[in-house]
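Undergrad: Sequence plus the predicted model coming up.
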Amino acid sequence: MTDTREPIEYLLLDLHLEQLEAEQAAAVRQSLDTSPDLAEKNKRLTEVLSVLDRCPTPQPRTGLADAVLARVQAQTAIYPFNKAASALPAGSAQDLSASPVLSLRELIAIAACITLFVGIFVPGYFKAQSIALRNRCLDNLRQVWGGASEFAEANNGQLAHAGFVPGGSWLPTRVPNVQRFSNTAYMYRLVKEGYVRDTMVFVCPAVPNGRPMRADSYRDFDDFAEPANTTYSYLFMNVPKPVRSASLQRGMVLAGDSNPLFNGRSVVQLNPYDENSGNSPAHGGTGQCVVYVTGSAGWFQQPTVGVDHDNIYRAGRLLHYQGTEIPLFPTDTFVIP
C-alpha cells in the first residue's frame, strides 16, 4: 500500500486501481475538488487508462504459472560446470520466449506511470538546476567583491583604477579622435596583482560560451584577453581619479550578470518606457545575480535594484549606446561590459 505521507499526485494511479483504503481515497478525492492542477493531472491519467477499459483481458494460458516458475528456476540455477539444458524445449507451447512477457494492458499502465513521472519530476529537475547555477553565479560575484575589497584595504580605501580617458568609448568604435577605454581593465588588476587568483570567478556558469584565461598568461596582459574571459558587467569606472569605496552609497552595484543592452536578442525586447524591462540574458532572461559595493549579493527578477530603484543597466531611458555615455548622476548605477 502506498505510504500516506507521499504527495497526493502519487496516489492517483492507486485510486484508479482501487488500491487505496477508504480514508486515503476520500483524501485524494477531496484534493481533486480543491486543486485544479491535480484535477488536470487526474484527467490526463484517466484518458490514458481509459484505453485499458477498451482492451479485453486475455485468459491466461493453462499452466502459465508453472511455466514461469520453471523458467525462473532454469535461469537462476547455479551449475558447477556446464549449464544444463533448458527446462522447456524450444518452440514448445509453454516457451515464454516466443511471446511477450507483458500484456498490452500492463504495457499501457507502465507507459502511464512513466508519463506521470516525467510530468512531475522533470520540471522540478530543471528548476533545481537553475537554482544551482544562480548559487554558483552569486558565489563568483562574492569572490569578485572580496578581491576588490582586499585591493581597497591595501590601497587607502580606493578601488582598482585603470586610468582615465576623457570622452573615451567603452565599446569598440571607429569614430575618429575617440579613444578606447576598457571598463574591465580595472577588474583585471585584481587578477594581475593577485587579489583574485582564479579567473573562473569572472565567468557566469549559466553562459555557455564563457571561458577563463589561462593562469600562465596573467602577467602578459593588462586586460582580459577576450570578451569570453569575463561575462559579467561592472560599475562604470572611467573617472578622473580612483573611487573610494566608502564614498559609494550602499545601493550601488559593483558587478552583475551581463548587460542586455549589448545582446542582439535581448535588446529588441526592451521597452524604453518600462524601467523594469531588460533582464540579463545570462539566466534565460528570468533575472540577474548582483553584488553590491557592500558585499551583499542576491538574485533579482527585475533590473531596478540600484539606488532608489534605479535600473542598473541603463543611463536614463536610453536603449542604444555609442560607448561614450556616462552615469547621469552620482547615484546612477551603470554596469557595462
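TA: Nice, thanks for sending it over.
Undergrad: Torsion angles phi and psi at the nearest residue to Arg134 once chain neighbours are set aside?
TA: Closest residue to Arg134 apart from its sequence neighbours, by C-beta to C-beta, 6 or more residues apart in numbering: Trp299 at 5.1 Å. C-beta: built from backbone N, CA, C; applies to glycine. The phi/psi pair for Trp299 (degrees, to the nearest 10) reads phi -100, psi 130.
Undergrad: give the contact list for Trp299.
TA: Counting by C-beta atoms under 8 Å, 6 or more residues apart in numbering, Trp299 touches Arg134, Leu138, Gly287, Gln288, Cys289, Val290.
Undergrad: Would you confirm that the second one contacts Ala297?
TA: It refers to Leu138. Yes: counting by C-beta atoms under 8 Å, Leu138 sits close enough to Ala297 to count as a contact (5.0 Å).
Undergrad: quick one: which of those two has more around it?
TA: Ala297 (21 against 16; other C-beta atoms under 10 Å).
Undergrad: partners of that one in the sheet?
TA: Val291 (DSSP bridges).
Undergrad: Strands of the chain, start to end?
TA: Shown for the chain, the strands assigned by DSSP state E span residues 232-235, 253-257, 288-292, 297-300, 335-336.
Undergrad: What separation do you get for Gly210 and Cys204?
TA: Distance of Gly210 to Cys204, given as C-beta to C-beta, to the nearest Å: 6 Å.
Undergrad: on that earlier part again, neighbour-wise, give me the winner out of the contacts of Trp299.
TA: Ranking the contacts of Trp299 using other C-beta under 10 Å puts Gln288 first, with 32 neighbours.
Undergrad: measure it to Cys113 for me?
TA: 39 Å.
Undergrad: I'd like the distance between the nearest residue to Val165 once chain neighbours are set aside and Glu193.
TA: Closest residue to Val165 apart from its sequence neighbours, by C-beta to C-beta, 6+ apart: Phe181 at 4.1 Å. The spacing between Phe181 and Glu193, counted by C-beta to C-beta, is 20 Å.
Undergrad: what's the closest non-adjacent residue to Leu248?
TA: Val293 (4.6 Å).
Undergrad: That neighbour contacts Ser245, doesn't it?
TA: Yes: distance between Val293 and Ser245: 6.1 Å, which falls inside the contact criterion (C-beta under 8 Å).
Undergrad: More neighbours: which of these two?
TA: Val293 (24 against 19).
Undergrad: which residues sit in contact with that one?
TA: Trp145, Leu235, Ser245, Leu248, Gln249, Arg250, Met252, Val253, Leu254.
Undergrad: All the helices of the stretch 201-337 of the chain, in order from the start?
TA: In the stretch 201-337 of the chain, the helices defined using DSSP state H, counting those that start in this stretch lie at 264-267.
Undergrad: Who has more neighbours out of Phe181 and Glu193?
TA: Neighbours were counted for Phe181 and for Glu193 using other C-beta under 10 Å; Phe181 has more, 21 against 16.
Undergrad: From Arg136, how far off is the spatially most central residue of the chain?
TA: Nearest to the geometric centre of the chain sits Ser130, at 2.1 Å (C-alpha atoms, centre = their mean). According to C-beta to C-beta, Ser130 and Arg136 sit 11 Å apart.
Undergrad: for Gly298, same thing?
TA: Using C-beta to C-beta, we find Gly298 at a distance of 14 Å from Arg136.
Undergrad: swap in Pro281?
TA: Counting by C-beta to C-beta, the gap from Pro281 to Arg136 is 17 Å.
Undergrad: Between these two, tell me which one has more neighbours.
TA: Ranked by neighbour count (other C-beta under 10 Å), Pro281 and Arg136 place Pro281 first, with 22 against 14.
Undergrad: I'd like the distance between the spatially closest residue to Pro205 that is not a sequence neighbour and His320.
TA: Nearest non-adjacent residue to Pro205, counting by C-beta to C-beta, 6+ apart: Arg136, 4.6 Å away. As judged by C-beta to C-beta, Arg136 and His320 stand 32 Å apart.
Undergrad: next one: Ile131
TA: 34 Å.
Undergrad: Same question for Ala282.
TA: 21 Å.
Undergrad: Mind naming the longest helix for the protein?
TA: As assigned by DSSP state H, the longest helix anywhere in the chain is helix 104-154.
Undergrad: Check the offset of that one from the chain's centre.
TA: 5 Å (C-alpha atoms, centre = their mean, to the nearest Å).
Undergrad: So if I had to pick from Ala282 and His320, which one is more boxed in?
TA: Comparing Ala282 with His320 by other C-beta under 10 Å, the one with more neighbours is Ala282, at 28 against 9.
Undergrad: does the more buried one really touch Asn259, like I thought?
TA: No: contact criterion C-beta under 8 Å: Ala282 and Asn259 do not qualify, at 9.9 Å.
Undergrad: Give me the distance between stretch 8-23 and the centre of its chain.
TA: 34 Å.
Undergrad: all numbers from here: first residue = 42
TA: Okay, residue one is now 42; in that scheme the one you just asked about reads as stretch 49-64.
Undergrad: Buried residues, it. List them.
TA: Within stretch 49-64, the residues scored as buried using 16 or more other C-beta atoms under 10 Å are Ile49, Glu50, Leu52, Leu53, Leu54, Asp55, Leu56, His57, Leu61.
Undergrad: All set, thanks.
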